[in-house]
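**Student:** Attaching a predicted model along with its sequence, questions to come.
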Amino acid sequence: MKARRLPQDSIVLEVIENLQEVIWAKIASGVKRFIKEFIENLLTEEVTNRIGAGRYERSNKRQGYRNGHYFRNLLTKFGPIEDIRVPRLDQGGMEFTVLNRYEHRRRDVDAAIGRLFLNGVSTRKLKGLARELFGKEVSAQTVSNTLACLDQELEGYRSKPLGDTVEFLFLDGISQKVREIGIENKVMLCAFGIHRPGPGEAQGRRELLSFQLTEVEDTEGWRGFLADLKARGLLGKSLKLIITDGNPGLLKALKAIYPFVKGQRCLAHNMRNVAVKIRKANRAHCLKEAKLIFAADSRKEAVKRFKAWRARWQVEEERAVRCMEKDLFNCLHYFAFDPALWKSIRTTNILERAFREVRRRTRPMNNFFTNEASSNRIMYGITEMLNKNWRGKTLKQISTI
């Protein structure tokens, strides 16, 4: 039986809640007052070091004089700090280490706003959220400016050495709409890698290695993207398998950059291609039998099941049988590895899940990016978030994220 809440219980809870609000308001007020005093003391110390003398101090080393002060406001993660007293010098302005001349928000506030935006919070919602968190609304231009702080991180991500420890490389592209002159369709080329396990590791590290926005998903685009991976250290000596969706341009580029690495055809993409070639009346039954090919316990058994499936459907669904037969060899490479890896290395589903995160993020933006820089920044933010989430997780855990 559910216990009845007595009237005095409600009164006590209300008193506790009100008391908590008062306490936290006092704490916030004290923190902001301390920050204000601390910044002012640092500014005073910088001025003293600059002119070589304290206030009213007579010194032969003096190199200038104070000339009053002005007030500045600064938005911090603890809320707005108002009326910070900033010293002036008689010879003109001075650049302070602790407070830049044009700085009105702490960089950690910018970073927090940027992260919220990257995690799917629309600009409209950010206005109210920023007021609750920092005591001040932000404009759309502010959000755009805060994301610019990711450019340096993005450059570091794109140029960092990769090392030659990747055993399984997943490659795929996602269509992106970018507003330039009108709205143009572009493609974000992406690479995901599973590294060789290190000492004491049961499984290797997983990460999104790189991405690049291109006009079209053709041979030249993929060749340039793969050449960059190789130049950054992914030479391919540890590569055991490259998993792709079978894009002709990508396959041609792989022959030029990593010619001796086996290529696994994504089973999901392959089954979709087979499905569209089956008549509607036969589709459910025919596909159900086709999926049993890849549920086999060995490559030999899979080939045996394919032959039985081919004999069954050769006459009624010749186009589907030819489609399956054409790519079957490259669909079965995963059988050469540990069965625990099969589900993870026979499709590009890991990248597909990352792409779903990109689409979720662009939904509040009407499913297109305002420009190429915006596309790169948001893709980097999502990449960084996913890579952090994947650290220390197994492939099975990653598949559920």
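**Tutor:** Nice, I can see it. Residues are numbered from 1 along each chain as shown.

**Student:** On the C-terminal side of whichever helix or strand residue 351 is part of, identify the next helix or strand.
**Tutor:** Element membership for residue 351, per DSSP states H and E: helix 349-362. Sequence-wise, the next helix or strand downstream of helix 349-362 (DSSP H and E) is helix 372-390.

**Student:** Pull out the buried residues from that following helix.
**Tutor:** Neighbour-count burial for helix 372-390, counted by 16 or more other CB atoms under 10 Å, picks out 373-387, 390. Every C-beta, even on glycine, is put in place using the N, C-alpha and C of the backbone.

**Student:** Also stretch 278-291?
**Tutor:** In stretch 278-291, counting by 16+ other CB under 10 Å, buried: 278, 283, 286, 290.

**Student:** which residues sit against it?
**Tutor:** 271, 274, 275, 309, 312, 313, 316, 317, 320, 324 (CB atoms under 8 Å, 6 or more residues apart in numbering).

**Student:** what is residue 178 paired to in the beta sheet?
**Tutor:** Beta-bridge pairing of residue 178 under DSSP bridges involves residue 184, residue 369.

**Student:** my guess is it meets residue 184, correct?
**Tutor:** Yes. Counting by CB atoms under 8 Å, residue 184 is a contact partner of residue 178 at 5.5 Å.

**Student:** quick one, strands of this structure?
**Tutor:** For the chain, the strands defined by DSSP state E cover 66-76, 79-89, 166-180, 182-195, 206-214, 241-244, 263-265.

**Student:** Give me the contact list for stretch 219-233.
**Tutor:** Against stretch 219-233 from outside (CB under 8 Å, 6+ apart): 159-164, 171, 187, 189, 191, 209-210, 212, 214-215, 236, 247-250, 252-254, 256-258.

**Student:** scratch that, stretch 210-217 is what I was asking about
**Tutor:** Contacts of stretch 210-217 (CB under 8 Å, 6+ apart): 158, 162, 173, 176, 178, 186-191, 221, 224-225, 228-229, 232, 247, 249-250, 372, 375-376, 379-380, 383.

**Student:** Show me which parts of it are buried, residue by residue.
**Tutor:** Quick answer for stretch 210-217 (16+ other CB under 10 Å): 210, 211, 212, 213, 214, 217.

**Student:** that older thread, farthest pair in the buried residues of stretch 278-291?
**Tutor:** 283 and 290 (10.2 Å; CB to CB).

**Student:** what residues are up against the residue lying closest to residue 153 once chain neighbours are set aside?
**Tutor:** Distance criterion CB to CB, 6 or more residues apart in numbering; nearest residue to residue 153, sequence neighbours excluded, is residue 380 at 6.9 Å. Going by CB under 8 Å, 6+ apart, residue 380 touches 150, 153, 154, 157, 211.

**Student:** want to throw those residues into TSV with pLDDT and distance to residue 242?
**Tutor:** Formatted as TSV, those follow (pLDDT from 0 to 100; distance: CB to CB, whole Å):
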residue	pLDDT	distance to residue 242
150	68	29
153	80	28
154	82	25
157	87	22
211	92	17
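
**Student:** who wins for most neighbours among the residues you listed?
**Tutor:** residue 211 (24 neighbours; other CB atoms under 10 Å).

**Student:** Could you list everything the residue lying closest to that one once chain neighbours are set aside pairs with in the sheet?
**Tutor:** Among residues not flanking residue 211 along the chain, residue 190 sits closest, at 4.7 Å (CB to CB, 6+ apart). Residue 190 forms beta bridges with residue 172, residue 211, as assigned by DSSP bridges.

**Student:** wait, residue 190 sits on residue 173?
**Tutor:** Yes. Here residue 190 reaches residue 173: they are 6.8 Å apart, a contact under CB under 8 Å.
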